[in-house]
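# Generate a structure from the sequence data that follows.
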Amino acid sequence: MKEFLEIFNDKEISEVYQVIEEFKIWVGDQDIKIKISIDNYGRFHHKLNYHYKGNDQADPYTSSRCIADTKKEAYMNAHSEIFSFYDPSDENGEWILNENY
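You can find the predicted model right below:
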């Protein structure tokens, strides 16, 4: 990333993220993509292509823990975001597309 930042050092650029990994898992019959990125400060981020919304939730759950010091912590944050409110017995629960993926 160092060489990239040497060239893309314009004052208009506020942040840079390098996608370092992408995974696809299945939760029930829903495929979930997990993108792991690292920013120009060396912090890890995760992003999901779907968020779960249970029947009793007003909105799909999105975690506020999206920045991590290690890749493993980013994995754990992504796992928590997927499964914190996921209830396979909730017949009206649904996966909502994250259009910012």
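
# Distance of the most centrally placed residue in the chain relative to residue 81?
Nearest to the mean C-alpha position of the chain, by C-alpha atoms, centre = their mean, lies residue 47 at 1.6 Å. Counting by C-beta to C-beta, to the nearest Å, the separation of residue 47 from residue 81 is 10 Å. Backbone N, C-alpha and C define where each C-beta goes, glycine included.

# again with residue 43
Taking C-beta to C-beta, one finds residue 43 at 17 Å from residue 81.

# swap in residue 66?
Noted for residue 66: a distance of 8 Å to residue 81, by C-beta to C-beta.

# For those two, work out which one has more neighbours and name it.
residue 81 (23 against 16; other C-beta atoms under 10 Å).

# Surely the more buried one is within a helix?
Yes: assessed by DSSP: H, G, I helix; E, B strand; the rest coil, residue 81 belongs to a helix.

# Bridged to residue 26, which residues?
Following DSSP bridges, residue 26 is listed with bridge partners residue 31.

# my guess is it contacts residue 32, does it?
Yes: if you go by C-beta atoms under 8 Å, residue 26 and residue 32 touch, sitting 7.4 Å apart.

# Between these two, which has more neighbouring residues?
Neighbours per residue, other C-beta under 10 Å: of residue 26 and residue 32, the larger number sits with residue 32, 20 against 8.

# Report the contact partners of that one.
By C-beta atoms under 8 Å, 6 or more residues apart in numbering, the contact list for residue 32 reads 24-26, 48-50, 82, 95.
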